[in-house]
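# Model the structure of this input:
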Amino acid sequence: MTPTLRSSLAACAVFCLLSTAHAQEAPPDPAPAADPAAAQGDPAGAGAEGDPSAEDLAAMGPMAQLGWIEGPTEASLGPNATVKVPEGYLFIDGGDTRKFLELLGNIAGTQEVGMLLQPEEQWFVVFEFDPVGYVEDDDKDDLDPDDVLESMRESNEAGNEVRKERGLTTLTITGWATKPHYDEASNHLEWAIELEDDATKGRSVNHQTRLLGRRGIMKATLVIDPPKLAGALPTFRELLADFDFKEGERYAEYKDGDKIAEYGLTGLMVGGAAVLAAKSGLLKSIWKFLVFIVAGIGVGLKKLFGRGGGES
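Model (predicted):
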């Protein structure tokens with residue numbers, strides 16, 4: 001384990017401990033407390049070569065047990081796709097992504113295939129693959145933002161009923177952070193909604209990108225402190241430019257007889273993101289994940305990641 005990775009994981013341990021405490025109404029017994037030096041990105045032994053000591057592992061907490069891969073490299077996102085991991089980024093596979101989400105107090109789903117973490121800029125991207133089939137984009141010129149937002153709000157009411165049943169606070173969609181945009185060249189559909197926690201009045205941004213493939217869609221969810229969203233979007237989009245479906249899985253490689261999804265682009269944002277998730281039981285994961293985002297705003301992702309420096 002390199003000093004860089006050791007330092008990043010120590011920061012992640014602080015991130016995990018603090019965000020779990022804020023994301024859960026009744027948090028479980030906390031992981032071992034992070035060493036104060038680790039919170040500054042300089043855990044004990046960080047300057048030494050070789051495997052981490054017991055003290056290092058205690059400071060890092062359970063994050064150290066995940067199979068982090070340092071960039072630069074290329075990583076597989078399940079059997080369908082790959083993504084480049086730049087220098088300074090960390091990657092974990094689908095199984096460890098689920099563990100990561102659970103460490104943050106979330107209920108992981110079944111479709112996670114990997115995660116990219118940017119510890120310096122304090123954000124991460126969760127990738128999920130949904131084998132819904134080939135999503136036809138015939139309605140690409142009919143994406144009316146007002147109509148889509150109204151449909152999302154209606155679907156959100158069903159989500160709020162699930163949240164109430166689970167003892168969670170409800171959420172209100174306040175508007176667009178990024179209006180829907182479909183890039184026909186890359187077959188990427190992007191949008192972002194602003195949300196407000198009805199109890200705390202905390203604000204969050206749920207930024208979504210859907211990458212269309214031959215047999216389904218790759219969901220890329222950006223988790224970030226809202227004030228940092230605009231500054232991070234160019235980098236995030238560059239990352240997705242280095243995403244690729246594997247040979248035979250690309251959108252342009254569709255063949256007659258392939259499975260066709262039951263909805264188009266509009267349904268992908270509304271029905272695919274909420275209604276179908278509710279039917280499959282995954283809505284609990286989506287909305288509890290948003291609770292973490294809202295909670296993170298209260299303490300700031302800079303503090304959650306344990307990084308120093310001035311305010312952004």
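# going forward, measure contacts between C-alpha atoms and count neighbours the same way
Noted.
# The longest strand seen in the chain - what's its average pLDDT?
Scanning the chain for the longest strand, with DSSP state E as the assignment, gives strand 171-183. What strand 171-183 shows for mean pLDDT is 91.
# Give me the sheet partners of that strand and which way each runs.
With DSSP bridges as the test, strand 171-183 is paired with strand 188-197 (antiparallel).
# Put the alpha carbons of the strand it pairs with into CSV.
Taking Å, rounded to 0.1, in the frame of the first residue of the first chain, the C-alpha atoms of strand 188-197 are listed here in CSV:
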residue,chain,number,x,y,z
HIS,A,188,-25.6,10.1,-22.8
LEU,A,189,-28.6,11.5,-21.0
GLU,A,190,-27.9,14.0,-18.2
TRP,A,191,-30.0,15.8,-15.7
ALA,A,192,-29.9,17.1,-12.1
ILE,A,193,-32.7,17.9,-9.7
GLU,A,194,-32.5,20.0,-6.5
LEU,A,195,-34.1,18.5,-3.4
GLU,A,196,-35.0,19.8,0.0
ASP,A,197,-35.4,17.7,3.1
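# Show residues contacting whatever helix or strand comes next after that strand.
Once the chain leaves strand 188-197, the next helix or strand it forms, by DSSP states H and E, is strand 203-212. By CA atoms under 8 Å, 6 or more residues apart in numbering, the list of residues contacting strand 203-212 from outside reads 134-135, 177-178, 187-197, 217-226, 250-251, 290, 293-294, 297.
# Can I have the buried ones of those as a ChimeraX selection?
In ChimeraX, this line selects whichever of the contacts of strand 203-212 come out buried by 16 or more other CA atoms under 10 Å:
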select :134,135,177,178,187,188,189,190,191,192,193,194,195,196,197,217,218,219,220,221,222,223,224,225,226,250,251,290,293,294,297
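# Please identify the buried residues of the longest strand of the chain?
Using 16+ other CA under 10 Å as the test for burial, strand 171-183 gives 171, 172, 173, 175, 176, 177, 178, 179, 180, 181, 182.
# of the residues you listed, closest to residue 267?
Nearest to residue 267 among these is residue 180, at 12.4 Å by CA to CA.
# Touching the longest strand of the chain from outside, list them.
So strand 171-183 is in contact with 140, 143, 145, 149, 153, 156, 160, 188-198, 205, 207, going by CA under 8 Å, 6+ apart.
# in the stretch 1-150 of the chain, what spans have low per-residue confidence?
By pLDDT under 70, the weakly predicted segments of the stretch 1-150 of the chain are 1-60, 105-107.
# Helices of that one, start to end?
Secondary structure of the stretch 1-150 of the chain by DSSP state H, counting those that start in this stretch: the helices cover 3-23, 36-39, 54-60, 94-103, 145-165.
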